[in-house]
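Enquirer: Dropping the sequence and predicted coords here.
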Amino acid sequence: MSVRLLHLLVICSLVFAAGYVYRIKMTSTVRTERVMQLRNDVREQREAIAALRADWAKLEAAGRLQGLAERHTELKPLDVNQIDDFKSLPDRPPNFLRPSDPDPIASMIEGANSGLTTGSIDQPEARQ
């Protein structure tokens, strides 16, 4: 009877081992399929990036931009005679204001805004 029991234990262990190996095989198959799917997704994304880069290169082509600028703006091409050296600029005019003098531009702005009410702040008379 001990031989039968030994055979039964060996058969049970073989069935258990076969089931365990099958489980490992299925797990590795599922993981392999997942890796293949991820590689496929990466390849598709790289192709999409390459297509977008090609579209971007086409959109920023100098000839295309030049045509758009000519059609939609009144810009004129730069004339070489328009460019000059700093040496040909006139000298800086002398400074007629002393550091203690008030800023003439600020006084003009304050004078222009003296009667202007925007509504964002209270008038000085209304605060009292």
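Expert: Sure thing, it's come through. Computed from a predicted model, the values in this text were never measured in an experiment. Residues are numbered from 1 along each chain as shown.

Enquirer: what's the single longest helix in this protein?
Expert: Under DSSP state H, the helix in the chain containing the largest number of residues is helix 2-59.

Enquirer: avg pLDDT for that one?
Expert: Confidence over helix 2-59, taken as the mean pLDDT, stands at 95.

Enquirer: can you give me the offset of it from its chain's centre?
Expert: For helix 2-59, the separation from the chain centroid amounts to 36 Å (computed by Cα atoms, centre = their mean, to the nearest Å).

Enquirer: Now the helix or strand following it: buried residues?
Expert: Helices and strands here follow DSSP states H and E; after helix 2-59, the next one along the chain is helix 62-72. For helix 62-72, the neighbour count (16 or more other Cβ atoms under 10 Å) marks no residue as buried. To be clear about C-beta, it is placed using only N, CA and C from the backbone, and glycine gets the same treatment.

Enquirer: Off-centre distance for whichever helix or strand comes after helix 62-72?
Expert: Counting by DSSP H and E, the next helix or strand C-terminal to helix 62-72 is helix 104-112. Helix 104-112 has its C-alpha centroid displaced from the chain centroid by 43 Å (Cα atoms, centre = their mean).

Enquirer: In terms of secondary structure, what does helix 104-112 contact?
Expert: Using 3 or more Cβ pairs under 8 Å, 6 or more residues apart in numbering; DSSP states H and E as the contact criterion, no helix or strand is in contact with helix 104-112.

Enquirer: Test for you: state the pLDDT assigned to residue 127.
Expert: With respect to pLDDT, residue 127 has a value of 47.

Enquirer: Residue 112 too?
Expert: At residue 112, the pLDDT recorded in the model is 68.

Enquirer: Would you mind measuring from residue 2 to residue 42?
Expert: The span separating residue 2 from residue 42 equals 59 Å under the rule Cβ to Cβ, to the nearest Å.

Enquirer: so what secondary structure elements neighbour the longest helix of the chain?
Expert: Helix 2-59 packs on no helix or strand, going by 3+ Cβ pairs under 8 Å, 6+ apart.

Enquirer: got the angle for that helix vs helix 62-72?
Expert: 50 degrees (axes from the mean of the first three to the mean of the last three Cα atoms, to 10 degrees).

Enquirer: Alright, calling it a day.
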